[in-house]
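Student: structure for this input, please:
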Amino acid sequence: MNRKTLLILADGFRPDALAACGHPFAERILSLGSYCLNTLTVWPSVTLPCHMSLFHSVSPDRHGILTNTYVPQVRPVNGLCEQLKAAGKSSAFFYDWEELRDLSRPASLSYSFFASGSRFTYQKADRMLTENAIAFLEKEAPDFAFVYLGLTDSVGHDFGWMGEEYLEACRQSMEETELLVDRFRDEYTIFFTADHGGHERSHGSREESDMLIPLVCIGPDFTPGPMEHTPCITDIAPTIAKLTGAPAAPEWEGKSFV
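Tutor: Model prediction:
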């Protein structure tokens, strides 16, 4: 296969926030693609471990990242970007939480754009990186693009998950996602997901509120409606690799769902 793929991730976006936030696109996105609102993330349900598992398709006890501090892997596993690079594909990152710089190894990305959420505010940084992503994808059309939206997690920690401030952050994330989906869904297979959920002002536990995430897949290889199975966050990288035309790394534990 030779699809172009776009992965949009809203940090800490709970599945039930899609309905609760009340944004029109939160309902419309489910009509556009195949979806599962009880997709499983990994434990510890913490941002960097979950992202490492998403991109490297192994559990945290295999990649060794158990907190938001990166440490080199003892037994390195190629991630999605390394597999795409080896297959001659181009990858682009757009993010506003700097720890995500370690999701890919040097020379595996073709382009990256970082705007510090702590410096600009996540509300502003999310919009900055969305605008940059739209401009870059229109001009350069990378084979794979990752857009990370950090506002929802930041507001969840400050005010609490599922409170009005958090739901307003979810509405902004839906606005950014809508811009990307409506502009690129004819050219890209698009995935919308989260890394973890949250409860009160925290996350990291094995509770469902922390461990369940949304997953929506929009493209010609997906039939709109509920998925017939429950995927895991580790299944996303093998799926994107297959769609984009790159092999999965032999160590990957997840399975493609196409």
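Student: helices of the stretch 151-258 of the chain, residue ranges please.
Tutor: In the stretch 151-258 of the chain, helices defined by DSSP state H, counting those that start in this stretch lie at 151-159, 164-184, 208-211, 236-244, listed in chain order.
Student: need the ones you listed in TSV (columns: mean neighbour count, distance to Q83 and mean pLDDT).
Tutor: Backbone N, C-alpha and C define where each C-beta goes, glycine included. As requested, the helices of the stretch 151-258 of the chain are arranged in TSV below (neighbours: other Cβ atoms under 10 Å; distance: least, Cβ to Cβ, whole Å; pLDDT from 0 to 100):
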stretch	mean neighbour count	distance to Q83	mean pLDDT
helix 151-159	22	27	99
helix 164-184	20	22	99
helix 208-211	18	26	98
helix 236-244	24	5	99
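Student: tell me, how many residues neighbour the closest residue to P60 other than its chain neighbours?
Tutor: Setting aside the residues directly before and after it, P60 is nearest to P49 in space (Cβ to Cβ, 6 or more residues apart in numbering), at 4.5 Å. Under the neighbour criterion other Cβ atoms under 10 Å, P49 is assigned a count of 25.
Student: contacting residues around the closest residue to D11 other than its chain neighbours?
Tutor: Distances taken as Cβ to Cβ, 6+ apart put D153 closest to D11, at 3.6 Å, once the chain neighbours are dropped. The contact partners of D153, by Cβ atoms under 8 Å, 6 or more residues apart in numbering, come to 11-12, 47, 198.
Student: next, give me the two most distant ones among those residues.
Tutor: T47 and G198 (10.5 Å; Cβ to Cβ).
Student: still on that earlier bit, for R75, which of the helices of the stretch 151-258 of the chain is the nearest?
Tutor: Between R75 and the helices of the stretch 151-258 of the chain, the shortest separation by Cβ to Cβ is 17.4 Å, and it involves helix 236-244.
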